[in-house]
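Q: Sharing a sequence plus its predicted fold:
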Amino acid sequence: MSDDLTTPQSQGEAELAFEGALRPKSLGEFVGQSKVRGQLQLLLTAARMQDRTADHILLAGPPGLGKTTLAMIVAAESERPLRMSSGPAIQHAGDLAAVLSSLVPGEVLFIDEIHRMARSAEEMLYLAMEDFRIDIMVGKGAGATSIPLDLAPFTLVGATTRSGLLPNPLRDRFGFTAHLEFYSDGELEQVLDRAAVLLELDIDRESLAEIAGRSRGTPRIANRLLRRVRDYALVHTGRADLGAVRAALELYDVDALGLDRLDRAVMQTILTRFDGGPVGLSTLAVSVGEEAETIESVVEPFLVRIGLISRTPRGRVATPDAWRHFGMAPSSAPGTTQQALFTDRL
Ligand SMILES: Nc1ncnc2c1ncn2[C@@H]1O[C@H](COP(=O)(O)OP(=O)(O)OP(=O)(O)O)[C@@H](O)[C@H]1O
């Protein structure tokens, strides 16, 4: 993926430090997702009242909506230590055994991108989640034996952008699955307001609303756009007002709907090369030179959500709103789309 300002994935050390400073530390500070907050609050309170570890929790949803933040909050609210790992870091059952066997009682284990864990580790995790026990294989072939190892009780918090890829036996072992939704503009305004206070940035409500409207329902993107607006105000205008917001976001190619370069490339491909679709995911990915997974988990949910494309059994189709947004008329016969009419409105 490119280094676009609107990429919902986190980008590098500087952003990690910035995000760390802005992360809400408790459920009370966490903006939006009120249903999930209520569900988590109940689960954690019940566990605390019975002095036991909370049930395992699966956090599902697109990147940048607060899964890591919620895992940290689960540990903080339960007053337990937190261990962080990720699916790509667990490529063998042994990697997982090393983590699990070193957990202290009650620890919260966060596994980000849990759908990318090795299959052999997944199987080890089933037993660990259910019985707090693993079987360690020693030796190979006919002489191999398995040695049972008891684990300290722990709470697993798994995060995934692709819950559909998790095998059922793993999904079933989570006591609770939280489905995180994109944030409303009003909720993003609250996220931005809180961030502006923490960054000591003087910015008016109208400007916050403008940034919120271009943030693709994603707090990570909202905070990142705010940072660029802060830079713009510092270098050019001296104040973070509506003019600075519009100029900064135009400079970074973020349009009025929050579409970025990749979104526009996808839409242009569907509209102009495939006459509005339907077009299959892999064809689309090849046409725009991007991985199918990125299109499916990042670009498409947003474009569907704002009503520019719809998914049909035969592929992705541009909606009438998409033709309108891009100032184009749908063609009546395939291959005759009037590309000359194309104006990529900002
Ligand atoms: N509900 C929220 N209220 C305030 N800030 C939030 C909220 N959710 C997320 N953020 C902010 O957005 C940023 C990204 O959040 P986080 O890292 O938790 O997302 P994520 O879903 O784990 O993303 P990824 O899947 O890429 O790991 C953080 O800086 C965090 O402070």
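A: Alright, I've got the coordinates. Numbers count the residues shown, from 1 in each chain.

Q: Show me what from the protein comes close to the ligand.
A: 9-10, 19, 22-24, 30-32, 63-69, 112, 161, 191, 219-220, 223 (CB under 6 Å from any ligand atom). All C-beta atoms are positioned from the backbone trio N, CA, C, and that covers glycine.

Q: Can I have the buried ones of the residues you listed as a PyMOL selection?
A: What follows is the PyMOL syntax for the buried subset of the residues of the chain next to the ligand, where burial is set by 16 or more other CB atoms under 10 Å:
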select buried, resi 19+22+23+24+30+31+32+63+64+65+66+67+68+69+112+161+191+219+220+223
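
Q: can you tell me which of the residues of the chain next to the ligand are in helices?
A: 19, 22, 67, 68, 69, 191, 219, 220, 223 (DSSP state H).

Q: Export those as a markdown table, with columns for pLDDT.
A: Rendered in a markdown table, the data for those read as follows (pLDDT from 0 to 100):
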| residue | pLDDT |
| --- | --- |
| 19 | 76 |
| 22 | 86 |
| 67 | 96 |
| 68 | 95 |
| 69 | 96 |
| 191 | 97 |
| 219 | 96 |
| 220 | 94 |
| 223 | 95 |
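
Q: Which single one of the residues you listed is nearest to residue 234?
A: Using CB to CB, the shortest approach to residue 234 within those belongs to residue 223, at 16.6 Å.

Q: from what I can see the closest one touches residue 22, true?
A: Yes - with contacts counted by CB atoms under 8 Å, residue 223 reaches residue 22, the gap being 5.7 Å.

Q: shared neighbours of those two, anything?
A: Common contacts of residue 223 and residue 22, defined by CB atoms under 8 Å, 6 or more residues apart in numbering, comprise residue 195.

Q: The nearest residue to residue 298 once chain neighbours are set aside - how many residues pack around it?
A: Of all residues beyond its chain neighbours, the one nearest residue 298 is residue 8 (5.9 Å), with distances taken as CB to CB, 6 or more residues apart in numbering. The number of residues packed around residue 8, counting by other CB atoms under 10 Å, is 24.

Q: With residue 71 instead?
A: Residue 71 - counted by other CB under 10 Å - has 24 other residues nearby.

Q: if I pick it, what's in contact with it?
A: Applying CB under 8 Å, 6+ apart, one finds that residue 71 lies in contact with 59, 82, 84, 108, 110, 112, 157, 159.
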